[in-house]
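Asker: missing the sequence, but the structure's below:
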């Protein structure tokens, strides 16, 4: 059986980095950025376990998680 995987676009990777960098600079440390990264990772694992979770988008095979 093929394993599902999350594929990050180049733009998404850059945005993730920008978010982490923004909070690190704003807060003067990486504590909050690390918490956010853990949250992203947790939700990615949740999506892998439950691939139909989230809201369908107009793009085939793409879903959005809203928290």
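Answerer: Received the coordinates, thanks. In this text, all values refer to a predicted model and were calculated from it rather than measured experimentally.

Asker: which of the residues in stretch 43-55 are buried?
Answerer: residue 47 (16 or more other C-beta atoms under 10 Å). C-beta here means a position set from N, CA and C on the backbone, and glycine is covered the same way.

Asker: End to end on it, go ahead and measure it.
Answerer: By C-alpha to C-alpha, to the nearest Å, the extent of stretch 43-55 from end to end equals 14 Å.

Asker: hey, where'd the helices end up in the protein?
Answerer: 10-27, 31-49 (DSSP state H).

Asker: tell me the mean pLDDT over the longest one?
Answerer: Looking back up the chat, that one is helix 31-49. The average pLDDT for helix 31-49 rounds to 92.

Asker: what does the shortest one give?
Answerer: For helix 10-27, mean pLDDT rounds to 95.

Asker: Find the centremost residue of this structure, please.
Answerer: The chain has residue 40 as the residue nearest its centroid, 4.3 Å off, counting by C-alpha atoms, centre = their mean.

Asker: what's the distance between stretch 8-19 and the middle of its chain?
Answerer: 9 Å (C-alpha atoms, centre = their mean, to the nearest Å).

Asker: So which bits of it are buried?
Answerer: Of the residues in stretch 8-19, none is buried (16+ other C-beta under 10 Å).
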